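**Q** What follows is a predicted protein model with its sequence.
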Amino acid sequence: MNKLIDILNILNRSERQKLRSIVRINSKESQSLKEKLLNILLKKPNIKEDELIKKLYNGKDASYFNTLKNKLFDDVIATLISQNNDKLYVDEIPQNELACLKYYIIGRLALSRSELKLGISLLEKAERIADKFGFYNEALMIKDYLRVTEAIRKGIKYIEKKNEQIEEISDLLKYELLTKGYTYDIGIHSTYVTNFDEAYISKINNTYKKSTDIFEQCDNPKVAYWHEYSSSLMCEINNDYETAISHYDKLLDIIHSSKQVYGTHRHISIVQNKVNALFRLDRLSDLKDNLEDLIYSSKRIKMNLPKNHFFYRFKELELRIAIKEVDELKFKEIIEVLKESEWGKTPHHSNRLKLFESYFQYKLDNKQFALELLSEVTEITKDKSGWLLGVYYLKMITLMDLEEYYSLDFHIKNFEHLLFRQKKKNILRTKMIVKVFKTLIRKHADYASTYEKHEDVMELLASNENNFYWDPLGFEIIRFDEWFNNKLQALN
């Protein structure tokens, strides 16, 4: 039932009209049970199965219900496949991949019905598309079928040629899948995790070496794409965002110079990563130029559709810019969009949005309200992605500003327990921040005296290097050493 509802949900208005036509064609009467089922599910997608059966059969034998659902599901598939490829996909690669598969399927069908000339012609057309766009799986399947079909008619030389092609493509497929796998292995945690295990960093260095070895021996745009992507991820992990930007530019060159790699989604993904790097480097003017590119490109794929991953990443970055610039109007506009989205209603993301709101209220000097919002953050307290540290950190600086020293002392002890459990995490910066706070409490908020005692620590935090790097896209949205220096300047 859920599978049927999910596939109906992806249909646009035009596709639903076509589906109705196909259902009527495949039905014995205009108001068949299948058509009735479709109308009910389109009008009431959340209907319970028992209620649905009652509406369809009205107490009569319902043993045919599962078959009915499967037949409607098949009609949806037929509706989607029967469309022009450019109606289904924006990018050229999936459009041509679908065309390749269609020619292959119909070519085999023609051969099975003894239409040799037509069948071979369609298979060879599918083969040309597969070779041009680097569809290695499809190319192997097609060449193997042609090898078998044409063996007697074209002889040994034809078979040898196809064997060589299959061997070469098998190697390319292997190299592509390996470098792609290495990229995912390196980058899988980067979306959700704000600090990396030391063991993980050691592991990915070995993984990156394997990717480099393949890249150096295989001159292929797909391998180059995945290796450059891995290179950019390695730069991100090492906080080298200037070099990461050079890899993003290389990736954009590869995307736009090779039909085997090009895609609007890929373009947007790389520009999004570049924008994040520019934000981390505080290059806001360059960032805004790239945001215009991002907005223009995203319009081609209707990026504002509810389930689009790029849309949420883009909006979250805008939210951080609004916090940075204390733009209340912009912040309210973006946070409402995100809260109303499917993405924003998931427990993890809804709680992160609450944390962003808390930071923004702090920046507006509504510190008591910021504490109240923090108390509503629940799901993050269960996760292991690192955002819980952000809750503890913001509460710590807020309690200090409100001079609630007793509560702060108790809170820091809990914070230390949390840090103790993060044994494999790179949290040295956070540990040093807590160390400074403990001295601040003992010295009754004497910032000058605390700085004198921890001058070496404060210099390390300000250096923004190695284990003391401050990530502008991490949980420490208000940078601690800047916060502390502001306090010193206010006193002076």
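**A** Done, it's in. Small disclaimer: the values here were computed from a predicted structure and weren't measured.
**Q** right, and Asn96 touches Phe133 too?
**A** Yes: the pair Asn96 and Phe133 passes the contact test of Cβ atoms under 8 Å, sitting 5.1 Å apart. Glycine gets a C-beta too; all of them are placed from N, C-alpha and C.
**Q** Which of those two has more residues huddled nearby?
**A** Phe133 (23 against 19; other Cβ atoms under 10 Å).
**Q** mind listing what the more buried one touches?
**A** If a contact means Cβ atoms under 8 Å, 6 or more residues apart in numbering, then Phe133 has 92-93, 96-97, 100, 259-260 as its contacts.
**Q** With Gln260 instead?
**A** Going by Cβ under 8 Å, 6+ apart, Gln260 touches 93, 133-134, 221-222.
**Q** Mind putting those residues into TSV with secondary structure and distance to Arg283?
**A** Formatted as TSV, these follow (DSSP: H, G, I helix; E, B strand; the rest coil; distance: Cβ to Cβ, whole Å):
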residue	secondary structure	distance to Arg283
Ile93	helix	32
Phe133	helix	36
Gly134	coil	35
Pro221	helix	29
Lys222	helix	31
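**Q** Switch these over to JSON lines; also include distance to Ser407 and pLDDT.
**A** Listed next are the contacts of Gln260 as JSON lines, based on distance: Cβ to Cβ, whole Å; pLDDT from 0 to 100:
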{"residue": "Ile93", "distance to Ser407": "57", "pLDDT": "90"}
{"residue": "Phe133", "distance to Ser407": "62", "pLDDT": "95"}
{"residue": "Gly134", "distance to Ser407": "61", "pLDDT": "96"}
{"residue": "Pro221", "distance to Ser407": "58", "pLDDT": "96"}
{"residue": "Lys222", "distance to Ser407": "56", "pLDDT": "97"}
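**Q** Show me which positions of stretch 42-58 end up buried.
**A** Of all the residues in stretch 42-58, those buried under the rule 16 or more other Cβ atoms under 10 Å are 52, 56.
**Q** how long is that stretch from one end to the other?
**A** For stretch 42-58, the first-to-last residue distance is 20 Å (Cα to Cα, to the nearest Å).
**Q** element containing the residue nearest to Thr212 when sequence neighbours are not counted, please.
**A** Once flanking residues are discounted, Thr212 sits nearest to His227: 6.9 Å by Cβ to Cβ, 6 or more residues apart in numbering. Of the helices and strands defined by DSSP states H and E, His227 is found in helix 221-237.
**Q** ok, then the element right after that helix?
**A** By DSSP H and E, the next helix or strand past helix 221-237 is helix 241-257.
**Q** avg pLDDT for that next one?
**A** For helix 241-257, the mean per-residue pLDDT is 95.
**Q** now do stretch 95-110
**A** Per-residue pLDDT over stretch 95-110 has a mean of 93.
**Q** tell me which residues of that stretch are tucked away?
**A** Under the neighbour-count criterion of 16+ other Cβ under 10 Å, stretch 95-110 has 95-101, 103-104, 106-108, 110 buried.
**Q** Please flag which of these sit within helices.
**A** The members of the buried residues of stretch 95-110 that map onto helices under DSSP state H are 95-101, 103-104, 106-108, 110.
**Q** tell me which of those residues is nearest to Glu328?
**A** For these, the minimum distance to Glu328 (Cβ to Cβ) is 44.0 Å, reached by Gln95.
**Q** got the contacts of Gln260 as TSV, with distance to Trp483 columns?
**A** Converted to TSV, these look like this (distance: Cβ to Cβ, whole Å):
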residue	distance to Trp483
Ile93	47
Phe133	52
Gly134	51
Pro221	47
Lys222	46
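**Q** and which of the residues you listed is nearest Arg320?
**A** Within those, distances to Arg320 taken as Cβ to Cβ reach their minimum at Ile93, with 31.9 Å.
**Q** any idea of the angle the lengthiest helix in the chain forms with helix 221-237?
**A** Longest helix in the chain, counting residues (DSSP H): helix 156-187. If you take axes from the mean of the first three to the mean of the last three Cα atoms, to 10 degrees, helix 156-187 sits at 10 degrees to helix 221-237.
**Q** any idea how far helix 156-187 is from the chain center?
**A** Here helix 156-187 is found 27 Å from its chain centre; the criterion is Cα atoms, centre = their mean, to the nearest Å.
**Q** in it, what counts as buried?
**A** Neighbour count says helix 156-187 has 162, 165, 169, 172-173, 175-176, 178-180, 182-183, 185-187 buried, by 16+ other Cβ under 10 Å.
**Q** now do stretch 116-125
**A** The neighbour-count check on stretch 116-125 (16+ other Cβ under 10 Å) flags 119-120, 122-123, 125 as buried.
**Q** quick one: the spatially most central residue of the chain and Trp226, what's the gap?
**A** Residue closest to the average C-alpha location in the chain (Cα atoms, centre = their mean): His309, at 5.5 Å. Here the distance between His309 and Trp226 works out to 19 Å (Cβ to Cβ, to the nearest Å).
**Q** and if you look at Glu164?
**A** 25 Å.
**Q** Tell me the pLDDT of Trp387.
**A** If you check Trp387, the pLDDT there is 81.
**Q** pretty sure it is touching Arg352, no?
**A** Yes: with contact defined as Cβ under 8 Å, Trp387 counts as touching Arg352 (6.0 Å).
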